[in-house]
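>>> A structural model of the following input is requested.
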Amino acid sequence: MRAPYTSLVIAHSLSTILSADKILVVSALCYFTDHGRFPGWALAIVCFREFAVSGLRIASAGNNKIIAAGVSGKIKTSLSMIMISLMLFVSNNVVDIVSMIIILTTTVYSGCEYFYIN
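The predicted structure follows:
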């Protein structure tokens, strides 16, 4: 009787770690960091937030509590992808700075909200 639930927890844990949107965002930001368009310290903040939230979700799943993604996290992902797309098509310092500010603001806010609520 316990096996299906255990499979669900394992599947949820893997989907939390290997989420395609996280891989896409972090990979693109690594590319921009490598090309001098996104600062390394900002990339570190984004990666820290992703690992911290994933760690909390995995720990909660181990305690039989599944934490759903919040609205601010979905907004963060959407805005990050929009800003990354803009950076791909427009190579401009102003676009890079505005994109970094929007990505960092939504990343920090959604991360703080996630830990405060959960």
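>>> can you pull the contacts of Val26?
Val26 makes contact with 43, 46-47, 50 under the criterion C-beta atoms under 8 Å, 6 or more residues apart in numbering. From N, CA and C alone the C-beta is placed, and that goes for glycine too.
>>> For the residues you listed, pick the one with the most neighbours.
Val46 (24 neighbours; other C-beta atoms under 10 Å).
>>> Val25 is in contact with that residue, correct?
Yes: taking contacts as C-beta atoms under 8 Å, Val46 lies within contact range of Val25: 7.2 Å.
>>> Quick one: residues contacting Val86.
Not Val; residue 86 is Leu. 95, 99.
>>> which SS class is it?
At Leu86 the chain is in helix, as set by DSSP: H, G, I helix; E, B strand; the rest coil.
>>> For this protein, which residues score under the pLDDT cut-off?
Scanning the chain for pLDDT under 70 picks out 1-18.
>>> follow-up on the earlier one: columns distance to Val94 and secondary structure on top of the contacts of Val26, output as CSV?
Formatted as CSV, the contacts of Val26 follow (distance: C-beta to C-beta, whole Å; DSSP: H, G, I helix; E, B strand; the rest coil):
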residue, distance to Val94, secondary structure
Leu43, 20, helix
Val46, 20, helix
Cys47, 25, helix
Glu50, 26, helix
